[in-house]
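Participant: Just need the structure, nothing else, for what follows:
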Amino acid sequence: MNKLLFYLFCFTFLLSCRDKTTDFVIVNNSDYDIIPVHNGVSLYVDSIYDYHPEIQSKSEYKRIINVGCIQSHSSKSIDRWNDMMSDYFKDDTLYIGIFSRLDFDTLSLSDFKKKYPIKHEFKVTLQDMIDMEWTLVYPPE
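Facilitator: Residues are numbered from 1 along each chain as shown. All right, here's what the predicted structure looks like:
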């Protein structure tokens, strides 16, 4: 029985020491709700349109908002840094774009494509995130 407990303890300890996904925080200091999106190449790609409510069902858009939207004067912990920096990114640069939720909710898809209402684009590396203590602040100071 003592051996079993010892092995269970060792296994638990090893699991707790494994490389975990690094959390980072996006702070929204603006007066409107924002939706951050990311890409490893550029934010000026068609995939951003996949977030638009004309593309998504109502339930899927509601899920996107619940998961991704950061309310005004609040912050959200994002626990997917390692996932976002996975093998499909060519280097360690991540582009994080900030869009207003209001633009998604009010602009038609065609107007959204024409205006592409990005509020700010962060271009960060792993070292940038370490230097900023894993926190991005919008709008930047």
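Participant: So which residues of the protein form helices?
Facilitator: Here the chain has its helices, by DSSP state H, at 2-17, 58-68, 81-84, 101-106, 109-115, 126-131.
Participant: Please name every helix or strand in contact with the second one.
Facilitator: Spelled out, it's helix 58-68. strand 34-39 (3 or more Cβ pairs under 8 Å, 6 or more residues apart in numbering; DSSP states H and E). (Glycine included, C-beta is placed from N, CA and C.)
Participant: For the strand it packs on, buried residues please.
Facilitator: 34-39 (16 or more other Cβ atoms under 10 Å).
Participant: Generate a markdown table for the residues you listed, with pLDDT and distance to residue 73 as supplementary columns.
Facilitator: Formatted as a markdown table, the buried residues of strand 34-39 follow (pLDDT from 0 to 100; distance: Cβ to Cβ, whole Å):
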| residue | pLDDT | distance to residue 73 |
| --- | --- | --- |
| 34 | 97 | 11 |
| 35 | 93 | 16 |
| 36 | 91 | 15 |
| 37 | 87 | 21 |
| 38 | 82 | 22 |
| 39 | 80 | 26 |
